[in-house]
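Asker: what's the 3D shape of this:
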Amino acid sequence: MIKNFKRRIRVANIIEEGRLGGPQMRMFLVASTLGKSNYNNKVDITFILPKKDSKEFRERCDTISVKYFLFPFTMISRNWINILKYIFLFPFEVLKLANYLNKNSFDVVHVSGGSRQIKGVIAAKLAKIKFVWEMNDTQAPFFIRFIFFFISKITNSFVFASERTKEYYEKLTPQNKKSFLIPSPVNTSFYDPTKEFPFEEFIKQNIEEKKTIIGTVANVSPVKDFKLFLKIAEKLSLHSSKVTFIVVGSVHNSQKKYYEDLLDYIKKLGMKNFFFLGTRADVRPFLKAMDIYVCSSKNESSPLSLLEAMSMEKAIVSTDVGDVSKFITNGDNGFLVKNGDEIAFVNYIKKLIDNEILRYNLGKSAREVVKQKFDLKICTDNHLDMYQKIFDQYK
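Answerer: The predicted model follows:
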């Protein structure tokens, strides 16, 4: 239940990564809902994000008039020149960010994007503003965990995107820290399978040819284990000639080599039915066209794209990553497999290819789970309650 707010709470939501992904969509969805009239402007959110690589994110913010401030964040990478640049500019950027937070009199700082996002944490501490640090992964390099262990001691509170994320990071945090558990939100009225969408010619042709479309929505990255997806596709193509595999998602510059390796692998296999379609502003037409949704990830927290597919009533086959096992029950609303279990993936998908009624029933059950546990209103109410508690506890 939403409490009666004594006054409007000003929140700065900081993220150092501008590319549109799960954390950015979470920020966008919550801010877009809090801006609606039924929330009576209880919270005023300003995004602080980098100019680099954030064009798509900014365009989405402009559609709902969310305020944002472009900050010159330097991103760390494996390039030694960039690493040195990151280290050299780090104190200057932190001080500049702290000054901005102070000048704009924010009540609460929300640091989004995970354990790598430490500039906002230190800046909020220097500015003496109450803050919450959001964790949304279940695997981080040793160096990041090492830094997190020390930075966590100065952190006011944490918000975890899943129970597994909470278990992973709470081992590294002091026990007296306040924490919140708020899973990724899904706008179930937006991801509604009863809506009609225009199909691109590629999808339209596959539907007309009565092919079974098996796909996923994900940015191209090794963590998504597309190599496994390709091996699965190879075996399923032997089972049926009427299957098409699609991936909808961006290929960022940092992953071009990995993407090229995947294309070489497709060529080596001689596959003519596996397609990387690139990014789309609206993935719903593709989700609606899919008969089976696959998540082959090596690790996740609470994968938003999978939840969106469930909201679109898709039959799901997923690795048991993050909190997926807490909302998918084998044979009830989807199927779960162990990481890297190629044989189990193939067998479950074969079962779904051959049984349209089973696909329909799993999809119906999947949407009900999302509506009950992950609907955007539930997540927004929880954010509202979190901001109020942080504001009250530390004022």
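
Asker: alpha carbons only for contacts and neighbour counts from here, please
Answerer: Fine.

Asker: elements contacting the strand ranked longest in the chain?
Answerer: Selection of the longest strand in the chain by residue count, based on DSSP state E, yields strand 43-50. Judged by 3 or more Cα pairs under 8 Å, 6 or more residues apart in numbering; DSSP states H and E, the packing partners of strand 43-50 are strand 9-14, strand 67-71.

Asker: how near is residue 81 to residue 87?
Answerer: 10 Å (Cα to Cα, to the nearest Å).

Asker: could you do residue 286 as well?
Answerer: 42 Å.

Asker: cool, and residue 191?
Answerer: 42 Å.

Asker: what residues does the residue nearest to residue 130 when sequence neighbours are not counted make contact with?
Answerer: Excluding its sequence neighbours, the residue lying closest to residue 130 (Cα to Cα, 6 or more residues apart in numbering) is residue 108, at 5.1 Å. For residue 108, the contact set (Cα atoms under 8 Å, 6 or more residues apart in numbering) comprises 9-12, 129-132, 387, 390-391.

Asker: Serialize those to CSV and add fields for pLDDT.
Answerer: Putting the contacts of residue 108 into CSV (pLDDT from 0 to 100) gives the following:
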residue, pLDDT
9, 93
10, 94
11, 96
12, 97
129, 95
130, 94
131, 95
132, 96
387, 95
390, 93
391, 90
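
Asker: so what's the residue nearest to residue 130 bridging to?
Answerer: Note on residue 108: beta-bridge partners residue 11, residue 130, judged by DSSP bridges.

Asker: surely residue 77 and residue 83 touch.
Answerer: Yes: counting by Cα atoms under 8 Å, residue 77 touches residue 83, with 6.2 Å between them.

Asker: so residue 360, which of the three states?
Answerer: Following DSSP: H, G, I helix; E, B strand; the rest coil, we place residue 360 in the helix state.

Asker: and the pLDDT at it?
Answerer: Per-residue confidence at residue 360 stands at 97 (pLDDT).

Asker: which SS state does the nearest residue to residue 225 once chain neighbours are set aside fall under?
Answerer: Excluding the flanking residues, the one nearest residue 225 by Cα to Cα, 6+ apart is residue 297, at 5.4 Å. On the three-state scheme (three-state DSSP), residue 297 is labelled coil.

Asker: so residue 297 makes contact with residue 223?
Answerer: Yes: with contact defined as Cα under 8 Å, residue 297 reaches residue 223; the gap is 5.8 Å.
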